[in-house]
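A.B. asks: sequence and predicted structure, then a few things I'm wondering about:
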Amino acid sequence: MAERRAAVFLDRDGVINENNPSYVRGWDAFHFIPGSIDAVRRLSDAGLLIVVVTNQAGIGRGVLPAEALDDIHTRMCEQIAAAGGEIARVSFCPHRPEEGCGCRKPLPGMLNEAAEDLMIDPAQSFMVGDHFTDIEAGRAAGCTSILVRTGRGADELRVAGDDHRDELVVADDLAQATDFILREAARISAN
Ligand SMILES: [Mg+2]
Ligand SMILES: [Zn+2]
């Protein structure tokens with residue numbers, strides 16, 4: 001049996017690009033957070049598989065056309081590829097919360113599906129997000145999970161940080177989360 005791989009699951013809004021409370025509806029509204037492109041490049045260079053997992057209920061609400069989201073993701077991956085990074089997959093949940101799907105974070109559906117398809121070992125893998133729903137999804141999938149202070153992260157920590165203090169890993173941004181991941185990944189593979 002082929003060996004399962006280590007991956008990094010990345011939330012999109014608030015981690016890779018600036019969060020927008022009313023959805024990023026087009027490429028002109030997609031703004032990379034400083035340092036995020038290079039962070040993805042460093043994770044790729046380390047041999048980690050990168051999977052973006054993003055809730056996009058704007059689709060289910062009819063305010064974000066699927067073609068627009070597809071275009072944003074194509075261009076995002078192109079920009080990252082131009083810098084030497086590689087996104088293996090972009091998974092999105094198009095459902096509204098009340099639809100009760102199994103893919104909307106905090107549920108781990110998108111992570112589990114990618115893990116199955118791409119032969120990922122969750123125990124060697126990481127989830128980075130700016131919301132506690134990301135942390136919950138990552139933990140439910142069995143990954144080490146990191147909250148970043150970018151996007152909604154700083155507010156999340158202020159409001160609910162004490163409820164989630166146990167073993168919570170916090171980083172200023174994806175660049176700092178990447179420092180942590182690369183150290184941990186080296187430690188795991190040395191064991
Ligand atoms: Mg987010
Ligand atoms: Zn869903």
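C.D. replies: Nice, thanks for sending it over. Ligands and ions are numbered 1, 2, ... in the order given.
A.B. asks: please count neighbours and contacts with C-alpha atoms only from this point.
C.D. replies: Noted.
A.B. asks: so the lowest-mean-pLDDT helix or strand in the chain, near ligand 1 or not?
C.D. replies: With mean pLDDT, DSSP states H and E as the measure, the helix or strand of the chain carrying the lowest mean pLDDT is helix 153-160 (a mean of 90). No: judged by CA under 5 Å from the ion, helix 153-160 stays clear of ligand 1, getting no closer than 8.2 Å.
A.B. asks: tell me the contacts of the closest residue in space to residue 124 that isn't next to it in sequence?
C.D. replies: In space, and not counting its chain neighbours, residue 124 is closest to residue 6: 5.0 Å by CA to CA, 6 or more residues apart in numbering. Residues in contact with residue 6 (CA atoms under 8 Å, 6 or more residues apart in numbering) are 48, 49, 120, 121, 122, 124, 125.
A.B. asks: same question for residue 170.
C.D. replies: 146, 147, 148, 149, 177.
A.B. asks: beta partners for the third one?
C.D. replies: Meaning residue 148. residue 171 (DSSP bridges).
A.B. asks: separation between it and residue 132?
C.D. replies: Separation of residue 148 from residue 132 (CA to CA, to the nearest Å) stands at 10 Å.
A.B. asks: and what of the last one?
C.D. replies: Noted for residue 177: a distance of 15 Å to residue 132, by CA to CA.
A.B. asks: same check on the first one?
C.D. replies: Summarising the geometry, the distance separating residue 146 from residue 132, computed by CA to CA, is 10 Å.
A.B. asks: and those two? Which one has more around it.
C.D. replies: Remark: of residue 146 and residue 132, residue 146 carries more neighbours, 29 against 21, as counted by other CA atoms under 10 Å.
A.B. asks: on the three-state scheme, the more buried one is what?
C.D. replies: When classified by DSSP: H, G, I helix; E, B strand; the rest coil, residue 146 comes out as strand.
A.B. asks: isn't it up against residue 131?
C.D. replies: No: shown here, residue 146 and residue 131 do not form a contact pair, counting by CA atoms under 8 Å, at 9.7 Å.
A.B. asks: what touches both of the two?
C.D. replies: Between them, residue 146 and residue 131 share no contacting residue, judged by CA under 8 Å, 6+ apart.
A.B. asks: tell me the mean pLDDT over the longest strand along the chain?
C.D. replies: Longest strand in the chain by number of residues (criterion: DSSP state E): strand 49-55. Taken as a whole, strand 49-55 has a mean pLDDT of 98.
A.B. asks: sheet-wise, list the partners of it with their directions.
C.D. replies: Paired strands of strand 49-55, defined by DSSP bridges, are strand 7-10 (parallel), strand 89-93 (parallel).
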